[in-house]
Every structure is written in structure tokens, then in C-alpha cells.
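Asker: Turn this into a model:
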Amino acid sequence: MTETIINVILFTMLVTTAFAIVRMTRLFAVVMLSGVFSLLTAMLFVTLDAVDVAFTEAAVGAGISTVLMLGTIALTSRSTKPSTRSNALPLLLVTLTGAVLVYGTLDMPTFGDPNAPAQTHLAPHYLNESITEIDVPNVVTSILASYRGFDTLGETAVVFAAGIGVLLILSGLRRRREEEEEDES
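Answerer: Reported below is the predicted structural model:
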């Protein structure tokens, strides 16, 4: 019961933070609240016993992303410009996407169901066969390092590519700002 209350409180804080982010016009506040959102998400993952995902969310979401966004703000404007377009289409698209995602989860087994496919097929295989197949005594390490090795490599490549992309964008903004300053003088 206590765990459910903690999850509800964390989820409520996530939703409140998301609404605050949407309403902000100062980009510094948006970046800071995005970091808070990532930390709240990491805490929610910890309560769901997904510590590896929580660690990644805290490091990438609250750490690296916040630093890169702050660097971007240093090279661009400090506040958002008012939009001249209607917000109806993006709101409709987000609502439709959310409805499709909720519909896709309706036939999932309940959380922690011992008769779920992951519990009846995958978990016994990993627990019984990982030592003979991988020769690693720790089951969690064998799953992350061997069974999901390509997945982990892919995640690392995506984070690296995103970092390189942001650095390229920031260097282009810096050059453009320097050229504008030279044209003004």
C-alpha cells in the first residue's frame, strides 16, 4: 500500500511538472523543470525496481541533457517567442497518440502477474540457463552484458550521436552569432 501511495505521489508530481513546463515562457525555467522531471522519472523507476533504467534516466535526462540545453540557451534567446499558429492540431495529435498508447496497453498482464509471459517463459530461462550459456554467476550482469549487449551498445550509440548532433548545432549557432556581430560592427 505504501509503495502505491509513493507511486501516485511521484506520478502526480510528474504531471504537475509537465504542465508547468508547458506553461513556462522563460527557457531557463523550462530547462530546470525538465531536469526535475527527469529526476522524478528516475525515482519512479527506482520504485518500480528498474534501477538500471533509473540510473540512465538520471545521468542522461537530468545530467547531460540539462547541460546541453543550458549551453544552447547561452547561444540563443532566453525566452520563447509567442506562437502565431493555433495549438489545436498539436493537441489533437498528442491526444490521439496517447489514446493509441492506452489502447495498446489494455491487453497487457497486470503488473507483477506471476502468469505473465515474461514470468513463465523468459525469467525461468535466464535464471536456469544463464550460468551454463554465459558462464557469468550474476544473472542481472549476464542479462545486461550478454543477452542485451547489442541493445546496450545501440543505446550508447544513440546517446553518442545525439551528443555529437547537439555539439554540431551549437557550433553552428556560435559561428552565426559571431558573423552577425561582425556584420553589425
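Asker: Where do the helices of the protein begin and end?
Answerer: 2-23, 27-47, 51-56, 65-75, 88-104, 117, 123-134, 139-142, 149-184 (DSSP state H).
Asker: Pick the most deeply packed of those.
Answerer: Highest mean neighbour count among these (mean count of other CB atoms under 10 Å): helix 27-47, with a mean of 18. For every residue, glycine as well, the C-beta is placed using N, CA and C.
Asker: which helices and strands does it pack with?
Answerer: helix 2-23, helix 51-56, helix 65-75 (3 or more CB pairs under 8 Å, 6 or more residues apart in numbering; DSSP states H and E).
Asker: I'd like those helices as JSON lines, with distance to residue 176 appended.
Answerer: Listed next are the helices and strands packed on helix 27-47 as JSON lines, based on distance: least, CB to CB, whole Å:
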{"stretch": "helix 2-23", "distance to residue 176": "27"}
{"stretch": "helix 51-56", "distance to residue 176": "33"}
{"stretch": "helix 65-75", "distance to residue 176": "9"}
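Asker: can you tell which of the ones you listed is closest to residue 146?
Answerer: Counting by CB to CB, residue 146 lies closest to helix 51-56 out of the helices and strands packed on helix 27-47; the figure is 14.5 Å.
Asker: pLDDT averaged over the closest one - what is it?
Answerer: Averaged across helix 51-56, pLDDT comes to 80.
Asker: what residues does that helix touch?
Answerer: With contacts defined as CB atoms under 8 Å, 6 or more residues apart in numbering, helix 51-56 is touched by 42, 43, 45, 46, 144, 155.
Asker: Return the member of the residues you listed nearest to residue 100.
Answerer: residue 45 (23.4 Å).
Asker: And the residue lying closest to that closest one once chain neighbours are set aside, how far from residue 144?
Answerer: Counting by CB to CB, 6 or more residues apart in numbering, residue 54 is the residue found nearest to residue 45 once chain neighbours are left out, at 3.6 Å. Using CB to CB, to the nearest Å, residue 54 is found at 14 Å from residue 144.
Asker: how far away is residue 4 from residue 10?
Answerer: Between residue 4 and residue 10 the distance is 11 Å, computed by CB to CB.
Asker: oh sorry, the question was meant for residue 66
Answerer: From residue 66 across to residue 10, the span is 19 Å (CB to CB).
Asker: for residue 45, what are its contacts?
Answerer: Applying CB under 8 Å, 6+ apart, the residues contacting residue 45 are 51, 53, 54, 57.
Asker: same deal with residue 27?
Answerer: By CB under 8 Å, 6+ apart, the neighbours of residue 27 are 73, 76, 77, 78, 79, 80.
Asker: With residue 146 instead?
Answerer: 130, 134, 136.
Asker: Ok, residue 78 next?
Answerer: With CB under 8 Å, 6+ apart, residue 78 has these contacts: 26, 27, 28.
Asker: Dump the residues you listed to JSON lines, plus pLDDT.
Answerer: Converted to JSON lines, the contacts of residue 78 look like this (pLDDT from 0 to 100):
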{"residue": "26", "pLDDT": "87"}
{"residue": "27", "pLDDT": "87"}
{"residue": "28", "pLDDT": "89"}
